[in-house]
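*Asks:* next input, structure requested:
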Amino acid sequence: MNGFKIPAAIVLAIVVQAGAMLWYISGIDHRVTTMYAEYQKSNQKAVIENQVRMEMDLQEVIKAVVGMGQQVTVNKAALQILIDETADLMQQNKALKKQLNTLKKQFNESKKKKKEKKSTQTKLG
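*Replies:* Okay, the predicted model is just below:
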């Protein structure tokens, strides 16, 4: 390899191509860095929007649960009123049954007395 000479034009061409390649790669790197920064900003914006949506949904769920709790309280009070009224009606029903049984006994006794009167009248008569 003694005496082997490389022409200066080839060396210069290789240096120019290497410089151009570095310049091109640097441009690509800059674009990628810019796009990544924009992606992070938009991703952060999307995350914030999603968190806001979730917070709004959570507030709606809380309102619905509170409304349901109030409705349960109202229904519980109404149910207690119905239970009390049912108990009163059952007591009234028992009292009416007792009165009805008493009236039946009185009616049967009066029937017996009438029969006895008729039978004694027919015997005497």
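*Asks:* which residue ranges of this protein form strands?
*Replies:* For the chain, applying DSSP state E gives no strands.
*Asks:* now the helices for it?
*Replies:* 8-124 (DSSP state H).
*Asks:* count the residues that sit near A20.
*Replies:* Around A20 there are 10 other residues, counting by other C-beta atoms under 10 Å. In short, each C-beta sits where N, CA and C put it, glycine included.
*Asks:* cool, and L12?
*Replies:* Neighbours of L12 under the rule other C-beta under 10 Å: 10.
*Asks:* listing request: residues of this protein with sub-threshold pLDDT.
*Replies:* Within the chain, the stretches with pLDDT under 70 are 1-3, 123-125.
*Asks:* and the spatially most central residue of it, how far from G19?
*Replies:* Nearest to the geometric centre of the chain sits V61, at 6.6 Å (C-alpha atoms, centre = their mean). To G19, V61 is 62 Å away according to C-beta to C-beta, to the nearest Å.
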